[in-house]
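*Asks:* Take this sequence and fold it.
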Amino acid sequence: MRQDVTQKQVAVLGATGATGRLVVSTALRRGHHVTALVRRTGSFTPAAGLREVRWTDLGDADTLSSALAGADAVVSALGGAASGPTSVCTDAMTVAVPAMQHAGVSRLVVLSAHGVAESRDRSLYSRAVWAGVAEKLRDKEAMEALVTASGLRWTIVRPPTLTHARATGRYRVAPDLPVRLWTSVGRVDLAAFVVREVEDPRHVHAFPRVAR
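*Replies:* This is a model prediction of the structure:
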């Protein structure tokens, strides 16, 4: 671990998803301790600094509150169903916000999506994403409302299309970053940004967009 980075205790919701796994591995590689909230234990190869907590019911506030004890930050990489009605992100945050408050954890980094709330515009990108995954975006919008009203030190990350591209370390970050139909970011780079935001909060109470 780099000497200029303070070790953190990080809890990750949605830890077994495509991006969540990368958040976990990136945080571990940078020397942090990670509590991964999972549906079933054994989802990860055992590693130093990694703890798995079985959280099968999003309404189980007691398990989540216990898992957050001693955490410095919470990362939500929950995504929800690709199609059809979904409320995974909203349901999880309904429980996570009071659980964080109860545990005394103030730092929250949440993955949302470009095209949500005021970032929805008349661009081809917004039209395409709403045509494809409207229910998922509605869930993200409801989640964002809970986060912004929480009183926590939150950051809501709104990436464009996610890819499995290799890490580049060369991604752009800005609240007003232009997003076109072809704009994307690799999940590895996105995870790197999220972990760095936990280490060094630069976008508190902001909605950064991340793109290559």
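
*Asks:* for the chain, what are the low-confidence residue spans?
*Replies:* For the chain, the stretches with pLDDT under 70 are 1-4, 81-83.

*Asks:* those helices in it, which residues are they?
*Replies:* Secondary structure of the chain (DSSP state H): helices located at 18-29, 61-67, 88-103, 124-148, 187-199.

*Asks:* Serialize those helices to a markdown table and add fields for mean neighbour count.
*Replies:* Backbone N, C-alpha and C define where each C-beta goes, glycine included. Listed next are those as a markdown table, based on neighbours: other Cβ atoms under 10 Å:
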| stretch | mean neighbour count |
| --- | --- |
| helix 18-29 | 22 |
| helix 61-67 | 17 |
| helix 88-103 | 20 |
| helix 124-148 | 18 |
| helix 187-199 | 22 |
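
*Asks:* Redo those helices as JSON lines? Include distance to residue 79.
*Replies:* As requested, the helices of the chain are exported to JSON lines (distance: least, Cβ to Cβ, whole Å):
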{"stretch": "helix 18-29", "distance to residue 79": "7"}
{"stretch": "helix 61-67", "distance to residue 79": "18"}
{"stretch": "helix 88-103", "distance to residue 79": "7"}
{"stretch": "helix 124-148", "distance to residue 79": "7"}
{"stretch": "helix 187-199", "distance to residue 79": "11"}
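
*Asks:* how about residue 19, what does it touch?
*Replies:* By Cβ atoms under 8 Å, 6 or more residues apart in numbering, the contact set of residue 19 is 77, 79, 111, 162, 187, 190, 191.

*Asks:* and with 10 Å instead?
*Replies:* For residue 19, the contact set (Cβ atoms under 10 Å, 6 or more residues apart in numbering) comprises 12, 75, 77-79, 111, 159, 162, 187-188, 190-191, 194.

*Asks:* Same question for residue 72.
*Replies:* Neighbours of residue 72 in contact, by Cβ under 10 Å, 6+ apart: 6-11, 32-33, 105-107, 198-199.

*Asks:* run the last query once more with 8 Å
*Replies:* Residue 72 touches 8, 9, 10, 105, 107, 198, counting by Cβ under 8 Å, 6+ apart.

*Asks:* got it, and residue 91?
*Replies:* 58, 59.

*Asks:* do the same with the one 4 residues further on
*Replies:* Applying Cβ under 8 Å, 6+ apart, one finds that residue 95 lies in contact with 58, 59, 60, 61, 64.

*Asks:* let's go with 7 Å and repeat that
*Replies:* Counting by Cβ atoms under 7 Å, 6 or more residues apart in numbering, residue 95 makes contact with 58, 59, 61, 64.

*Asks:* could I get those residues as TSV with distance to residue 205?
*Replies:* Shown next, in TSV, are the contacts of residue 95 (distance: Cβ to Cβ, whole Å):
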residue	distance to residue 205
58	25
59	28
61	25
64	23
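
*Asks:* so which of these would you say is closest to residue 122?
*Replies:* The nearest member of the contacts of residue 95 to residue 122, counting by Cβ to Cβ, is residue 58 at 34.3 Å.
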